[in-house]
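Enquirer: would you be able to build a 3D model of this:
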Amino acid sequence: MDKLNNYGEIAKEYANKFIDYLPTLIGAIVLLLVGLWVIKLIVKYLKKLFDKKDYDPTLEKFTVNAASWGLKIILFVLVITQLGVESASLVAAIGAAGLAIGLALQGSLSNLAGGVLIIVLKPFKVGDWIEAQGVSGSVVEISLFYTKLDTFGNQRVVIPNGELSNDNITNYSFNKTRKENLSFGISYDDDIKKAKEVLTNMVMEQEKILKDPAPQIIVSELGDSSVNFSVRYFAELPDFWDLHWYMIEEGKIRLEEAGMTIPYPQRDVYLYDQTKMRGTEREKRSAE
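Expert: Residues are numbered from 1 along each chain as shown. Below you'll find the model as predicted:
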């Protein structure tokens, strides 16, 4: 009987404590539900704000996610505090855990920092053609940790943002126009002025080549076996590569039609009759 009485008293004590604690628990639950509802409204507002301003999709995703997680962490601390846990101890515990996680994930955090820099500074965007880390390709995705490129060979390359943000990046799509510099060689026996006229006419007839700044056709080098011309012009990005392939082919055709010789490296090989050479050497020694 005594044991039953003791159990009854213990149960009654816990029941009284639960009843006393119930308002605090209900308050914490209400705070949690209201907080999640407010966070949802804030996130929804941020998305609408980004859509109106036409921001970069990657920047929008990063900012919205960061705001959402930041607000949820604050809400978590408030709820735990409402339940009676000391906020100072909780913040210290979270800080210690964050430090431990940071040390364990140094590489990932470096990539995260690089991703933030790329998103904020915008050295390139999705669709740009860039060259970095010894790879050139079209940017298909920029995430917080990695950037994905598709190369000329239709290969998918994934580059960590930490390495990418610390490397030199060449963005071929940054400007609306791009400069070309083609080289054509003719023989030393050919007429330089005539060749220059042929190349000039070819360039001026092409409508997709920009006239401002004006194209240049110059003798750029006196090579070992050829007189080399540089054909320099600007073109808009969508037309650049089509012009590149066309001008190389058209330049060769027009120079050949004009009677020009397009030289190529060659090696002359001379064969000597060893018997005659030895006879000549003996005759020289006899004469001496």
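
Enquirer: all helices for the stretch 1-150 of the chain, in order.
Expert: With DSSP state H, counting those that start in this stretch as the criterion, the stretch 1-150 of the chain has helices at 2-53, 57-82, 87-104, 106-121.

Enquirer: where among the ones you listed is the average confidence lowest?
Expert: Confidence, taken as mean pLDDT, is least for helix 87-104 of these (a mean of 62).

Enquirer: any stretches of the stretch 101-250 of the chain with poor pLDDT?
Expert: 101-108 (pLDDT under 70).

Enquirer: pretty sure residue 142 contacts residue 117?
Expert: No: with contacts counted by CB atoms under 8 Å, residue 142 stays clear of residue 117, the gap being 11.3 Å. All C-beta spots, glycine's among them, are computed from the backbone N, C-alpha and C.

Enquirer: neighbours of residue 84, how many?
Expert: 10 (other CB atoms under 10 Å).

Enquirer: distance of it relative to residue 68?
Expert: 27 Å (CB to CB, to the nearest Å).

Enquirer: and what of residue 225?
Expert: 67 Å.

Enquirer: more neighbours: which of those two?
Expert: Remark: of residue 225 and residue 68, residue 68 carries more neighbours, 15 against 12, as counted by other CB under 10 Å.

Enquirer: quick one: residues contacting the more buried one.
Expert: 39, 43 (CB atoms under 8 Å, 6 or more residues apart in numbering).

Enquirer: can we see that at 6 Å?
Expert: Applying CB atoms under 6 Å, 6 or more residues apart in numbering, we find residue 68 in contact with residue 43.

Enquirer: tell me the spacing between it and residue 120.
Expert: From residue 68 to residue 120 the distance is 18 Å (CB to CB).

Enquirer: how's this protein carved up into domains?
Expert: Here the domain parsing of the chain from automatic domain parsing is 2-104, 123-171, 177-257.

Enquirer: redo the ones you listed as a markdown table? Include distance to residue 263.
Expert: Formatted as a markdown table, those follow (distance: least, CB to CB, whole Å):
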| stretch | distance to residue 263 |
| --- | --- |
| domain 2-104 | 51 |
| domain 123-171 | 30 |
| domain 177-257 | 5 |
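
Enquirer: residue 265 is nearest to which of those domains?
Expert: With CB to CB as the measure, domain 177-257 is the member of these nearest residue 265 (6.0 Å).

Enquirer: first vs last residue of the closest one, how far apart are they?
Expert: 31 Å (CA to CA, to the nearest Å).

Enquirer: helices of the stretch 151-288 of the chain, start to end?
Expert: All helices of the stretch 151-288 of the chain, identified by DSSP H, counting those that start in this stretch, fall at 161-165, 192-205, 237-257, 274-287.

Enquirer: for the second one, buried residues please.
Expert: This means helix 192-205. 195-196, 198-199, 202-203 (16 or more other CB atoms under 10 Å).

Enquirer: cool, and the shortest one?
Expert: For helix 161-165, a neighbour-count test (16+ other CB under 10 Å) marks 161-162, 164-165 as buried.
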